[in-house]
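Visitor: Task: produce atomic coordinates for the following.
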Amino acid sequence: MYARAGKSSYLYQFEIEGDNQLIVIDSNIGSADNVVIRLTQNLPPNSFIAYDNYFATIGLIKFLNTKQYHVVSTMRLNRLNSSLLKSDKQMKQEGRGSFDSLTTDNGHIVVTKSFDTKAVYILSNCFGPTPVGEPK
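Guide: Take a look at the predicted model:
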């Protein structure tokens, strides 16, 4: 079962895996990505979307970027060329809180690798690795 819920915790839309998997919105991306597209296609522009790393791909975030959605997700290592970022060994030497990032799609998509006890990859088109201003 796949579901879309809001910050209010209400369930707004769901689909059960099966026949609806045949509905393909964009054939250039995978079937898991099409689940996210189907569940978000009725949202207004400038909506904020967060989803699981199971769905996180560069192709999906590019598609959602064209729909003017703000997206953030953790990302699996096997969906990224991680050789472009600092190695785990180097980040471990720098200590907890170290990070590295790269941008793609003319700076519209940011992949951030953050290190705590292990590396976490974050994919977004609305958040970068450092704050823009000072917290109050």
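
Visitor: What ranges does the protein have for its strands?
Guide: Taking DSSP state E as the test, the strands found in the chain are 2-5, 11-15, 48-51, 70-75, 99-104, 109-115, 119-124.

Visitor: elements contacting the fourth one?
Guide: Going back to what we said before, that points to strand 70-75. Contacts defined by 3 or more Cβ pairs under 8 Å, 6 or more residues apart in numbering; DSSP states H and E place strand 70-75 against strand 48-51, helix 58-66, strand 119-124. Just so you know, the C-beta spots here come from the backbone N, C-alpha and C atoms, and that holds for glycine as well.

Visitor: Kindly export it (C-alpha atoms) in CSV.
Guide: Provided in CSV are the C-alpha atoms of strand 70-75 (Å, rounded to 0.1, in the frame of the first residue of the first chain):
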residue,chain,number,x,y,z
HIS,A,70,9.6,21.5,-3.2
VAL,A,71,11.1,18.1,-2.5
VAL,A,72,13.3,16.5,0.2
SER,A,73,14.2,12.9,0.7
THR,A,74,17.0,10.7,2.0
MET,A,75,18.7,8.8,-0.8
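
Visitor: For that strand, what does the pLDDT average out to?
Guide: Regarding strand 70-75, the rounded mean pLDDT is 93.

Visitor: Nearest the geometric middle of this structure, what residue?
Guide: Ser73 (3.1 Å; Cα atoms, centre = their mean).

Visitor: What residues are bridge-paired with that one?
Guide: For Ser73, the beta-bridge partners under DSSP bridges are Tyr51, Leu123.

Visitor: so how far is Arg96 from it?
Guide: Distance of Ser73 to Arg96, computed by Cβ to Cβ, to the nearest Å: 22 Å.

Visitor: now Lys113
Guide: Distance, Lys113 to Arg96, by Cβ to Cβ: 13 Å.

Visitor: Can you tell me which of the helices and strands packed on strand 70-75 is nearest to Ser8?
Guide: Closest approach to Ser8 among the helices and strands packed on strand 70-75 is made by strand 48-51 (13.3 Å; Cβ to Cβ).

Visitor: Buried residues of the closest one, list them for me.
Guide: 49, 51 (16 or more other Cβ atoms under 10 Å).

Visitor: Please apply the same query to stretch 78-90.
Guide: Of all the residues in stretch 78-90, those buried under the rule 16+ other Cβ under 10 Å are 80, 82, 85-86.
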